[in-house]
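K.L.:
Kindly generate the corresponding structure for this input.
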Amino acid sequence: MKEKLRRFMAGRYGTDALNQFLSISSIVLLLFSLVTRLGLFTWVAFGLLVWCNYRTFSRNISKRTEENYKFYTLKDRLTGRLGGYQKMWADRKTHRYYRCPQCRQQLRVPKGRGRIQITCPRCGTQFIKKS
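P.N.:
From the prediction side, this is the model:
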């Protein structure tokens, strides 16, 4: 039986991070639909499961790899942005964050220095802010 399954899956894409995300999302939506009793969430979860199975059994490996790459790109962009906010929250007692008025570069300066002149390392613009 194991050998038959192995032969069946030969040349097919299989699972990846996007498939795992789709599976977990569909389970969460199914649980949410049980709580709220809304059929819309059930249908969306069913659609995600169908898409997940389609990707798993697909023979177009290059297309599925490209989809997974786009998923990772989006995920990294979101987690990078959230990581920046976490760092700002952790440093809130010791540093202040400002944006350069010229190029919008985010700058970090220490707190408690009074009015200071900040120089943007990217464009060289100087501006005065209270730290």
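K.L.:
all contacts plus neighbour counts: C-alpha atoms, from now on.
P.N.:
OK.
K.L.:
hey, where'd the strands end up in this protein?
P.N.:
For the chain, applying DSSP state E gives strands covering 95-99, 106-110, 115-119, 126-130.
K.L.:
Of all the ones you listed, which one is nearest F21?
P.N.:
Closest to F21 of these, according to Cα to Cα: strand 106-110, at 32.0 Å.
K.L.:
how far away is A17 from C52?
P.N.:
11 Å (Cα to Cα, to the nearest Å).
K.L.:
Select the longest helix from the chain.
P.N.:
Longest helix of the chain, by residue count under DSSP state H: helix 61-90.
K.L.:
more neighbours, A17 and C52?
P.N.:
Using other Cα atoms under 10 Å as the criterion, A17 and C52 rank with C52 on top: 22 against 12.
K.L.:
S25 is in contact with that one, correct?
P.N.:
No. Taking contacts as Cα atoms under 8 Å, C52 lies outside contact range of S25: 10.6 Å.
K.L.:
ok, back up a step: can you check which of the strands of the chain gets nearest to L40?
P.N.:
Using Cα to Cα, the strands of the chain put strand 106-110 closest to L40, at 41.7 Å.
K.L.:
in the chain, what secondary structure element scores lowest on mean pLDDT?
P.N.:
Taking mean pLDDT, DSSP states H and E as the measure, the helix or strand of the chain with the lowest value is helix 2-9, at a mean of 85.
K.L.:
Good, wrapping up.
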